[in-house]
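Dropping a prediction and its sequence here:
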Amino acid sequence: MQVFWLAFGLIALALGVVGIVTPLLPTVPFLLLAALGFSRSSERLHRWLLGHPVLGQPIADWQSSGAIRRRAKWLASGSMLGVLILSVAFGLRPGLVVVQAVALCVIALFIWTRPEA
């Protein structure tokens, strides 16, 4: 089971790092999943991730107070709006766009109601 959690953490970390440079791929959720995987498989990697100067801070903010930085909130909201615009531009069926818009609004509401770090 330890190998599973290690692989899970490494894959989540890789996706999180890709999300740093890819506008539509989120970063923090994958970093949180990586922290979970490493906490169950490798104390050394878990400490490294939490202590990392760039990757560790959003995890620490979330773990300490459920907080999300204002910049991250704006980036997430902009990404969600971008996805919605692309869906319309590529001709996604109107019913699916409505479902997508409702889901993204719920996610945005969750994000914006979290405390700020």
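Cool, got the structure.

Can you show me the strands along this structure?
Counting by DSSP state E, the chain has no strands to list.

Give the residue spans of it that score low on pLDDT.
Filtered on pLDDT under 70, the chain yields no residues whatsoever.

Grab the most central residue of it for me.
Residue closest to the mean C-alpha point of the chain, counted by CA atoms, centre = their mean, is P29 at 2.7 Å.

Now it: closest residue in space that isn't a chain neighbour?
The shortest distance from P29 to any non-neighbouring residue, by CB to CB, 6 or more residues apart in numbering, is to G16 (7.9 Å). (Glycine included, C-beta is placed from N, CA and C.)

wait, P115 sits on S64?
No: the criterion here is CB atoms under 8 Å, and P115 misses it with S64 at 10.2 Å.

isn't S79 right next to V28, touching?
No: taking contacts as CB under 8 Å, S79 lies outside contact range of V28: 11.8 Å.

Would you map out the domains in this structure?
Following automatic domain parsing, the chain resolves into domains at 2-65, 70-112.

Determine which stretch of the ones you listed is the most buried.
Using mean count of other CB atoms under 10 Å, the stretch among these with the largest mean neighbour count is domain 2-65, at a mean of 16.

Please enumerate the helices of the chain.
Remark: helices assigned in the chain by DSSP state H are 2-21, 28-39, 43-51, 56-65, 70-89, 94-112.

okay, the angle between the third one and helix 2-21?
Inter-element angle recorded for helix 43-51 and helix 2-21: 20 degrees (by axes from the mean of the first three to the mean of the last three CA atoms, to 10 degrees).

Just the CA coordinates for helix 43-51, please, in CSV.
The C-alpha trace of helix 43-51 is given here as CSV (Å, rounded to 0.1, in the frame of the first residue of the first chain):
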residue,chain,number,x,y,z
GLU,A,43,8.0,11.2,5.6
ARG,A,44,11.1,12.6,3.8
LEU,A,45,9.2,13.6,0.7
HIS,A,46,6.3,15.0,2.8
ARG,A,47,8.7,17.2,4.8
TRP,A,48,10.4,18.3,1.5
LEU,A,49,7.1,19.2,-0.1
LEU,A,50,5.9,21.2,2.9
GLY,A,51,9.2,22.9,3.3
